[in-house]
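Novice: For reference, the sequence and a predicted model appear below.
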Amino acid sequence: MARILLGFIFSIFIALPAARAQEEPVVWVQIEAQPSLTEAQAAARRYGASLADVNGFSLGNGWYAIALGPYRREEAERVLQVYRSEGVIARDSYIAASSDYQQQFWPIGTNLLDGQVAPALAAPDSPPVVALDPAPAPVPEPVDETPRQARESESQLDRDARATLQEAMTWAGVYDGAIDAAFGQGTRAAMARWQTQNEYEATGVLTTRQRAELLRQFNAVFDGLGLEVVRDNATGIAMELPTAVVDFDRYEPPFAHFNATGDIDARVLLISQTGDRTTLAGLYDIMQTLAIVPENGPRSLEGDSFTLIGEGALQISHTQVWLRDGALKGFTLVWPAGDEARRSRLLGRMQDSFEWLPGTLDPAEGSGAQDIDLVSGLEIRKPKQARSGFYVDASGAVLTTAEAVAGCGRITIDESYEADVVLSDAALGVAILRPRMPLAPLRVASFQEVTPRLLSDVAVAGYSYGGLLGAPTVTFGQLAELEGLNGETHLKRLALAALEGDAGGPVLDAGGAVLGMLLTRAQDGRALPEEVSFAATNGTLQDVLTRGGITPRLTSDQGRLSAEALTDQAGDMTVLVSCWE
């Protein structure tokens, strides 16, 4: 099929006027890039066994390209289409200009960068032969050698190949020296150890076959990942991705989402947007709120780049972002925990292959769907539960419910300050928190010494919706009873419709003095009417504070504040208490 199509293609281009061929700049179909000259030469030989017009060029920075051509533009597009459809070349092959290339290294002694179309395409005797089998031509089995022959073949290795062998021996656990491409005593000893482990004669010099086996073992970790260079023009990023594990899903600026397609719970984000150092710092902060970035792990923001490593029980994420010429670009790799050997090797390949292409992701890309719990399509990390609390001393100690802080891996005040439990009394439902760093509250609670009258006005300040609104709300009601339903003297009953997030908030009289603390609605497992709530009494709270080493502030002032003033005063002392896994 490929032979028929290409014969048709070339028959069309034979008829093109010579003047047009002279006017049009030539282009190339780039089909592969390799990080060393040795690997690039091997690839050129492999492709040359089944394809015509195979060339090799230096790309600079130690990289080498394999390209077909040169062709006229329209001809190159047809060749690219046919070869892709037949599976002869990789899906990420593309059309390149001569200006992309430097010195030609294959075929040896050839220089086609002068703009001339390959003579074989100008007037072919017959269409080129295309291998219908997409698999590469078989490489002959490396022969074993004598130690002298092994040293001779070893001397032909370039620096990159020698360093790669040292990396492979490090991975194999037989070498712990520097990756310096110098085969000294330490490297020779490591080679001998590897030979012994693999039942070869321990000569300290690897034969061609042994080097191939060592590298096969080293790269077996990538089996089944489908590593391919993906060029994403929307983000302006090209890099190797495990295409057998993740596939493109959608754009949600500044991210291109590549989600898991199989059993490995992996994810890749390509990150791309315009910005400056302020934008970089903002992205650094936002990324740390995302559920895909576990809270533990090293992280740093340095000048024009940042690195975020999140280490969780189930997954590890690695994010790197760089700022260059008004653009931020980078990536995140999320990989299952416990697969460190494969994750670290994959990460290295992704880092080494990262390429900066023109352009950044258009902010208008994607669905534009909005969700309060999402940032660019990614779930925000949320606490296990969120309740209220209020300041009870000048250094930031907080009174809250015992239920709010039970079974927490971490506790925060206002989502920013980590705190520890000083005292928790489950029977009374009260707990005291102490921030790990001293705080300076705008207002500290003053507890009312005068017994309030029944049916007097009261208010509860709390984060009714678990911090969703960003500030506490105030709910107004009345004092219904000075004891609980069963006559409990440590409780007050309120005629007030509170929400779950309000628990732990202060119950205030009309003048802003604290009458108690709102407790959870669950009372002995019974469902209560919506307008019924309970609060711990001042006597109970003051006793708990004293046991916790805090002297409560007292007042007998019975003034009355406006609703606005009461709301402001309550907001100054009320905090959000978050319990994290």
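Specialist: Nice, thanks for sending it over.
Novice: Poorly predicted segments of the chain, please.
Specialist: Across the chain, the stretches falling below the confidence threshold (pLDDT under 70) are 1-24, 109, 114-144, 366-380, 468, 522-527.
Novice: How is it partitioned into domains?
Specialist: The record's domain split for the chain, according to automatic domain parsing, is 2-122, 147-222, 227-379, 385-580.
Novice: Reformat the ones you listed as TSV; add mean neighbour count.
Specialist: No exception for glycine: its C-beta is placed from N, CA and C like everyone else's. TSV is the format used below for these (neighbours: other CB atoms under 10 Å):
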stretch	mean neighbour count
domain 2-122	17
domain 147-222	16
domain 227-379	17
domain 385-580	19
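Novice: Let me see the contact set for L518.
Specialist: When contacts are counted by CB atoms under 8 Å, 6 or more residues apart in numbering, L518 touches 388, 460, 462, 494, 498, 502-507, 533-535.
Novice: want to throw these into a markdown table with secondary structure and distance to Q41?
Specialist: Conversion of the contacts of L518 to a markdown table gives the following (DSSP: H, G, I helix; E, B strand; the rest coil; distance: CB to CB, whole Å):
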| residue | secondary structure | distance to Q41 |
| --- | --- | --- |
| S388 | strand | 69 |
| V460 | strand | 77 |
| G462 | strand | 71 |
| L494 | strand | 83 |
| A498 | coil | 75 |
| D502 | helix | 72 |
| A503 | coil | 71 |
| G504 | coil | 70 |
| G505 | coil | 73 |
| P506 | strand | 76 |
| V507 | strand | 80 |
| S533 | strand | 79 |
| F534 | strand | 81 |
| A535 | strand | 81 |
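Novice: what about the residue positioned nearest the centre of the chain, which helix or strand?
Specialist: Ranked by distance to the mean C-alpha position of the chain (CA atoms, centre = their mean), the top residue is T332 at 3.1 Å. Under the assignment given by DSSP states H and E, the secondary-structure element containing T332 is strand 327-336.
Novice: Packing partners of the next helix or strand after that strand?
Specialist: For strand 327-336, the succeeding helix or strand toward the C-terminus, using DSSP H and E, is helix 340-353. Judged by 3 or more CB pairs under 8 Å, 6 or more residues apart in numbering; DSSP states H and E, the packing partners of helix 340-353 are strand 227-232, strand 237-242, strand 315-324, strand 327-336.
Novice: so what does the last one touch, helix or strand wise?
Specialist: It refers to strand 327-336. The elements that strand 327-336 packs onto, with contact taken as 3+ CB pairs under 8 Å, 6+ apart, are strand 237-242, strand 267-274, helix 277-287, strand 315-324, helix 340-353.
Novice: before we move on, back to that, out of the helices and strands packed on helix 340-353, which comes closest to S456?
Specialist: Closest approach to S456 among the helices and strands packed on helix 340-353 is made by strand 315-324 (53.3 Å; CB to CB).
Novice: so what does that closest one touch, helix or strand wise?
Specialist: Strand 315-324 is packed against strand 267-274, helix 277-287, strand 305-311, strand 327-336, helix 340-353, with contacts defined by 3+ CB pairs under 8 Å, 6+ apart.
Novice: quick one: strands adjacent to whichever helix or strand comes after the second one?
Specialist: Once helix 277-287 ends, the next helix or strand along the chain (criterion: DSSP H and E) is strand 299-302. Based on DSSP bridges, the pairing partners of strand 299-302 within the sheet are strand 305-311 (antiparallel).
Novice: Just send the helices and strands packed on strand 315-324 back as JSON lines, with distance to A161 too.
Specialist: Putting those into JSON lines (distance: least, CB to CB, whole Å) gives the following:
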{"stretch": "strand 267-274", "distance to A161": "29"}
{"stretch": "helix 277-287", "distance to A161": "37"}
{"stretch": "strand 305-311", "distance to A161": "30"}
{"stretch": "strand 327-336", "distance to A161": "27"}
{"stretch": "helix 340-353", "distance to A161": "15"}
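Novice: which stretch among these comes nearest L113?
Specialist: Each of those has some distance to L113 by CB to CB; the shortest is helix 340-353, at 24.9 Å.
Novice: and the angle from the closest one to strand 227-232?
Specialist: Taking axes from the mean of the first three to the mean of the last three CA atoms, to 10 degrees, helix 340-353 and strand 227-232 form an angle of 40 degrees between their directions.
Novice: residues in contact with helix 340-353?
Specialist: Outside helix 340-353, the residues that touch it by CB under 8 Å, 6+ apart are 35, 171, 221-222, 225, 227, 229, 238-242, 316, 318, 320, 331, 333, 335-336.
Novice: what's the offset of stretch 148-161 from the middle of its chain?
Specialist: From the chain centre to the centre of stretch 148-161 is a distance of 40 Å (CA atoms, centre = their mean, to the nearest Å).
Novice: Can you get me the start-to-end distance on it?
Specialist: When the termini of stretch 148-161 are compared using CA to CA, to the nearest Å, they are 19 Å apart.
Novice: that older thread, strand partners (parallel or antiparallel) of the strand holding T332?
Specialist: strand 267-274 (antiparallel), strand 315-324 (antiparallel).
Novice: Show residues contacting the longest one.
Specialist: Outside strand 315-324, the residues within contact range by CB under 8 Å, 6+ apart are 265, 269, 271, 275-277, 279-280, 283-284, 287, 292-294, 297, 304-310, 328-337, 340, 343, 347, 351, 356.
Novice: sorry, back to before: nearest to L206 among the helices and strands packed on strand 315-324 would be which one?
Specialist: Closest to L206 of these, according to CB to CB: helix 340-353, at 20.8 Å.
Novice: what's the next helix or strand after the closest one packed up against?
Specialist: For helix 340-353, the succeeding helix or strand toward the C-terminus, using DSSP H and E, is strand 355-356. On a contact count with 3+ CB pairs under 8 Å, 6+ apart, strand 355-356 meets strand 237-242.
Novice: quick one: the strand it packs on to strand 327-336, angle?
Specialist: Orientation check (the same axes, to 10 degrees): strand 237-242 against strand 327-336 gives 10 degrees.
Novice: following strand 237-242, which helix or strand shows up next?
Specialist: Per DSSP H and E, strand 237-242 leads on to strand 246-252 as the next helix or strand towards the C-terminus.
Novice: Pairing partners for that following strand, with directions?
Specialist: Paired neighbours of strand 246-252 in the sheet (DSSP bridges): strand 255-260 (antiparallel).
Novice: neighbouring contacts of the partner strand?
Specialist: Judged by CB under 8 Å, 6+ apart, the contacts made with strand 255-260 from elsewhere in the structure are 232, 234-235, 237, 241, 245-251, 266-272, 361, 376-378.
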